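Novice: please work out how this folds:
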Amino acid sequence: MAIKNDKNGANRCPNCGATDVTLNPSTGKLRCNFCRTVFDDTSANANGGVDSLTSDIVGDGATNIIPGEDLILTLKCPSCGAEVVINTEEVTSARCHWCRHVLSVNEKMPNGAVPDLVLPFKTEKSAAEAKIREFVNERQFFAHPKFKAEFKTDNISGVYLPYMIVDVNASASMAGEAEHLVRRYTVGSGNTRKTLYDADAYDVTRDFDLLIDDLTVEASSDKLNQDLKSNTNNVINAIMPFDTENCVSWNPAYLRGFSSEKRDTNIDALKPVVQTQASDVARYRVKESMTFYDRGARWTKEDVKIKGTSWKAAYLPVWLYSYYQEDKKLLHYVAVNARTGETMGSVPINKSKLMAFSVLLEIVGIIAGYAWIRICFSADSDNDAWILGLAGLTPGFIFYWLKMSKYRNMDKRHKHEADTKSDVKNMKKSDVFHEHRKGLSASRIKGQNDSEIRGVIARNGNEMMGEKMANYLGIDRMINTKPEDRPIGQKDGGKQK
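Specialist: Reported below is the predicted structural model:
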């Protein structure tokens, strides 16, 4: 059964018509407190229809916030006629003090108080507490002693955070150069030994239509600020994606027992973020047609034109634990996605203890590495075995980085380019052999940018330690080449004819 809305905007039980309904967080369903009927609300955010967008379509709840709009509203009870005054900065629903009828601000107001959609809580508080406790317990050894003494899970709160859900209909045009590895070999010996590469270079272009469904962006100026030096908001961003296709129309019954944060950011401020993230999605999706180029690509032209968008304001559910670290003036969060259970957080570190262990490990590594290098050179080795000794000079630094990454998770973020639903249509490809290159010293094409992510909201962007390290190590490189992905005319080990 689906919830009924009468002409006055009241949300009523489909069985008895009562407006006293509440949410069961464990099921995400509504229950009538009068007749005990349990029922679902119908989705108001079904997928599809993105390719028909030719302009900006803005939902009522996503319209611009009007500065100075009166936040004190008088609601007239449709049952008994009584008038009830509410402050929309604090609440968006109330109960008539005469007849107990539930009153709600279902008329969408252009002041950001009411969203278009809401995604109900599904994970119970006890389950969220367990996930947060498990997350913190795994980070006990180097945790700050004051944090360990004060940590409690009973003060977590369920909160609806404001987001914009955006559908994008775009066209993309990309042109550049890509390389395919033909031969890898070594020259020289001993200290002069080095690896070289031969590769075929191609001029490549890709033109296609890009349909993005439910790109989700923070709509709170506070959460948009992801300066890693002053806050840990990135961990809240990292618990996405949400199953936004299951969002329902705004219904204040879903907010009972939870707090909510009001949207304070307009569409014009978010359009640059959407444009950049749409370009990231395009760059990610075009790699599916580039697997032949195992040395990567350098795009010299990237043009993503947005033809139409659909904007809807939404409340999405999060279980949140927060801790303020006074000595660093830093607010730490541990957040749980109240739909999927995805958990991410930041735990204050006892840096003195971590540094002491790192220095000790570094000393041991230096001694072991030095001894190994001496053995290799005393044996007049002509291979690269001595290089392993150099690795012994860095364990302290690696240990420190790994622990910082585990406790603070500064590298974690929502992978919008991969997690957002998207579809590529009408792909047009051109791959023209350019030249054969010999004796290249780099394992990747010069100026490679086909894996760049530019829409990370954190100010440090790609400089976030984990992402920077991943790019350096080439973790996301394309190394698998299938024969069917090769340009027409290309034969094994040869050039295009």
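
Novice: now do the helices in the stretch 151-300 of the chain.
Specialist: 221-224, 234-238, 267-286 (DSSP state H, counting those that start in this stretch).

Novice: any idea which of those gets closest to residue 348?
Specialist: helix 234-238 (13.1 Å; Cβ to Cβ). Placement of C-beta: from N, CA and C, glycine included.

Novice: what's in contact with the closest one?
Specialist: Outside helix 234-238, the residues that touch it by Cβ atoms under 8 Å, 6 or more residues apart in numbering are 161, 218, 223, 226, 228, 318, 320, 333-335, 344-346, 409-410, 412-414, 457-458, 464.

Novice: picking up where we left off before, any chance of the helices of the stretch 151-300 of the chain in CSV, with mean pLDDT too?
Specialist: Below are these laid out as CSV (pLDDT from 0 to 100):
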stretch, mean pLDDT
helix 221-224, 88
helix 234-238, 95
helix 267-286, 96
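
Novice: which of the ones you listed sits most buried?
Specialist: Of these, the one with the most neighbours on average (mean count of other Cβ atoms under 10 Å) is helix 234-238, at a mean of 22.

Novice: most centrally placed residue in this structure?
Specialist: With distances taken as Cα atoms, centre = their mean, residue 414 lies nearest the centre of the chain, 1.2 Å away.

Novice: isn't it right up against residue 226?
Specialist: No. Using Cβ atoms under 8 Å, residue 414 makes no contact with residue 226, being 10.6 Å away.

Novice: out of the contacts of helix 234-238, which are inside strands?
Specialist: 161, 218, 318, 320, 333, 334, 335, 344, 345 (DSSP state E).

Novice: is the third one in contact with residue 161, as I believe?
Specialist: Yes. If you go by Cβ under 8 Å, residue 318 and residue 161 touch, sitting 5.5 Å apart.

Novice: more neighbours, those two?
Specialist: Counting neighbours by other Cβ atoms under 10 Å for residue 318 and for residue 161 shows that residue 318 has the greater number, 25 against 21.

Novice: coming back round to it: which among the contacts of helix 234-238 end up buried?
Specialist: Buried members of the contacts of helix 234-238, counted by 16 or more other Cβ atoms under 10 Å: 161, 218, 223, 226, 228, 318, 320, 333-335, 344-346, 409-410, 412-414, 457-458, 464.

Novice: which one is the residue nearest to the centre of the chain nearest to, not counting chain neighbours?
Specialist: Among residues not flanking residue 414 along the chain, residue 240 sits closest, at 4.0 Å (Cβ to Cβ, 6 or more residues apart in numbering).

Novice: for residue 420, see how far away the one you found is.
Specialist: Look at residue 240 and residue 420: by Cβ to Cβ, to the nearest Å, they are 9 Å apart.

Novice: now do residue 18
Specialist: From residue 18 to residue 420 the distance is 39 Å (Cβ to Cβ).

Novice: so for those two, which residue has more residues nearby?
Specialist: residue 420 (23 against 18).

Novice: give me the pLDDT for the more buried one.
Specialist: We note a pLDDT of 97 for residue 420 in this prediction.

Novice: cool, the one 10 residues further on as well?
Specialist: pLDDT for residue 430: 97.

Novice: helix or strand for it, which one?
Specialist: According to DSSP states H and E, residue 430 maps onto strand 421-440.

Novice: and residue 448, by the same measure?
Specialist: When secondary structure is defined by DSSP H and E, residue 448 falls outside every helix and strand.

Novice: quick one, phi/psi of it?
Specialist: Backbone torsions of residue 448, given as degrees, to the nearest 10, read phi -60, psi 130.

Novice: and for the one 5 residues further on?
Specialist: Per-residue torsions, residue 453: phi -120, psi 120 (degrees, to the nearest 10).

Novice: count the residues that sit near it.
Specialist: Look at residue 453: counted by other Cβ under 10 Å, it has 21 neighbours.

Novice: and the pLDDT for it?
Specialist: 94.

Novice: how about it, nearest residue that isn't a chain neighbour?
Specialist: Nearest non-adjacent residue to residue 453, counting by Cβ to Cβ, 6+ apart: residue 280, 5.3 Å away.

Novice: check residue 323 too.
Specialist: Nearest non-adjacent residue to residue 323, counting by Cβ to Cβ, 6+ apart: residue 332, 4.7 Å away.

Novice: can you get me a residue count around the one you found?
Specialist: Counted with other Cβ under 10 Å, the neighbours of residue 332 add up to 21.

Novice: ok, it touching residue 345?
Specialist: Yes. Residue 332 is within contact range of residue 345, at 7.2 Å (criterion: Cβ under 8 Å).

Novice: which residues are in contact with each of the two?
Specialist: residue 232.

Novice: got a list of what the spatially closest residue to residue 40 that is not a sequence neighbour touches?
Specialist: Using Cβ to Cβ, 6+ apart and skipping the chain neighbours, the partner closest in space to residue 40 is residue 29 (5.6 Å). The contact partners of residue 29, taken as Cβ under 8 Å, 6+ apart, are 23, 38, 39, 40, 120.

Novice: ok, back up a step: any idea how far the strand holding residue 430 is from the chain center?
Specialist: 28 Å (Cα atoms, centre = their mean, to the nearest Å).

Novice: what strands flank it, and is each parallel or antiparallel?
Specialist: strand 194-218 (antiparallel) (DSSP bridges).

Novice: any stretches of this structure with poor pLDDT?
Specialist: Applying pLDDT under 70 to the chain flags the ranges 1-12, 19, 26, 66-76, 78-101, 103-113, 369-370, 372-393, 457-497.

Novice: one more pass at 80, please.
Specialist: Low-confidence segments of the chain, defined by pLDDT under 80: 1-31, 33-34, 36, 39-48, 65-114, 190-191, 229, 252, 366-393, 457-497.

Novice: how is it carved up into domains?
Specialist: What automatic domain parsing lists as the domains of the chain is 130-244+262-346+409-485, 353-402.

Novice: how long is the last one end to end?
Specialist: This points to domain 353-402. One end of domain 353-402 to the other measures 15 Å (Cα to Cα, to the nearest Å).

Novice: mind listing the shared neighbours of residue 240 and residue 420?
Specialist: Both residue 240 and residue 420 are contacted by residue 216, under the criterion Cβ under 8 Å, 6+ apart.

Novice: in CSV, list the ones in strands among the contacts of helix 234-238 along with distance to residue 167.
Specialist: Formatted as CSV, the ones in strands among the contacts of helix 234-238 follow (distance: Cβ to Cβ, whole Å):
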residue, distance to residue 167
161, 20
218, 17
318, 23
320, 28
333, 29
334, 31
335, 26
344, 26
345, 31
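
Novice: let me know the closest of those residues to residue 448.
Specialist: Scanning the ones in strands among the contacts of helix 234-238 for proximity to residue 448, where the rule is Cβ to Cβ, the winner is residue 344, at 29.1 Å.

Novice: dump the residue contacts of that closest one.
Specialist: Neighbours of residue 344 in contact, by Cβ under 8 Å, 6+ apart: 135, 235, 236, 238, 239, 334, 335, 409, 412.

Novice: list just the nearest of the residues you listed to residue 167.
Specialist: residue 239 (21.9 Å).

Novice: the closest residue in space to residue 203 that isn't next to it in sequence: neighbour count?
Specialist: Spatial nearest neighbour of residue 203, excluding adjacent residues (Cβ to Cβ, 6+ apart): residue 432 at 4.7 Å. Residue 432 has 10 neighbours, counted by other Cβ under 10 Å.

Novice: pretty sure residue 432 is in contact with residue 201, am I right?
Specialist: No. Taking Cβ under 8 Å as the definition, residue 432 is not a contact partner of residue 201, at 10.0 Å.

Novice: for residue 33, phi and psi?
Specialist: According to degrees, to the nearest 10, residue 33 has phi -80, psi 0.
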